[in-house]
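Trainee: Structure for this input, please:
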Amino acid sequence: MTKKQKIITAIAISVLLLGFIVVKAVSKPKKMLPPSPVPKKKGKIIVDETEIINEEDYFAEEDFYPIKRGSENDFVIEIQKALNDGGATNSCFSIGKPLTEDGKYGCNTETAVEYFLGKKTIDNKGDYQDLLEIIYAY
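Mentor: Next up is the predicted model:
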């Protein structure tokens, strides 16, 4: 490699490195928001990410808990979204892919919940809040 080629290579690497640093400095960090509240079965969702809603109006324990293998509803989708935000992946069949947000509490969702919460089921609102605190603490 000639001296001219070395200089051109050094300049090219410097420009690329500087561009990477500038992009990292300018880009906004990923906003980590907990999932949207889930309404009672007869309620309706009117939720904006910036709007704070009284949690008691949305999380009715008798409507959603316990969440365990075989549960299938929109609340499970919210749990799966939160788990994906925490970096959960399919561990039963498709290792490395994000959880499918399908509302079905199956093997992959159960394994991810157990990883974060230390148990396979979400038995009450306290467990759900603990799960969110663990996920969004990172």
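
Trainee: Just give me the longest helix of the protein.
Mentor: In the chain, ranked by residue count with DSSP state H as the criterion, the top helix is helix 3-26.

Trainee: Tell me how many other residues surround Leu83.
Mentor: 24 (other C-beta atoms under 10 Å). (Each C-beta comes from the backbone N, C-alpha and C, glycine too.)

Trainee: Test my guess that it contacts Glu110.
Mentor: No. Proximity of Leu83 to Glu110 does not meet the contact threshold set by C-beta atoms under 8 Å, at 10.5 Å.

Trainee: For Ala88, give its distance to Gly118.
Mentor: 14 Å (C-beta to C-beta, to the nearest Å).

Trainee: Repeat that for Leu16.
Mentor: For Leu16, the distance to Gly118 - C-beta to C-beta - is 44 Å.

Trainee: Which of the helices or strands spans Asn84?
Mentor: Assigned by DSSP states H and E, Asn84 belongs to helix 74-85.

Trainee: which outside residues touch that helix?
Mentor: Applying C-beta atoms under 8 Å, 6 or more residues apart in numbering, the external contacts of helix 74-85 come out as 32, 34-36, 38, 64, 67, 98-105, 109, 112-113, 116, 122, 128, 131-132, 135-136.

Trainee: tell me which residues in that helix are buried?
Mentor: Buried residues in helix 74-85, counted by 16 or more other C-beta atoms under 10 Å: Phe75, Val76, Ile77, Glu78, Ile79, Gln80, Lys81, Ala82, Leu83, Asn84, Asp85.

Trainee: any chance of those in JSON lines, plus distance to Ile21 and pLDDT?
Mentor: JSON lines is the format used below for the buried residues of helix 74-85 (distance: C-beta to C-beta, whole Å; pLDDT from 0 to 100):
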{"residue": "Phe75", "distance to Ile21": "42", "pLDDT": "87"}
{"residue": "Val76", "distance to Ile21": "41", "pLDDT": "91"}
{"residue": "Ile77", "distance to Ile21": "38", "pLDDT": "91"}
{"residue": "Glu78", "distance to Ile21": "37", "pLDDT": "90"}
{"residue": "Ile79", "distance to Ile21": "38", "pLDDT": "92"}
{"residue": "Gln80", "distance to Ile21": "35", "pLDDT": "93"}
{"residue": "Lys81", "distance to Ile21": "32", "pLDDT": "91"}
{"residue": "Ala82", "distance to Ile21": "32", "pLDDT": "91"}
{"residue": "Leu83", "distance to Ile21": "33", "pLDDT": "92"}
{"residue": "Asn84", "distance to Ile21": "29", "pLDDT": "91"}
{"residue": "Asp85", "distance to Ile21": "27", "pLDDT": "90"}
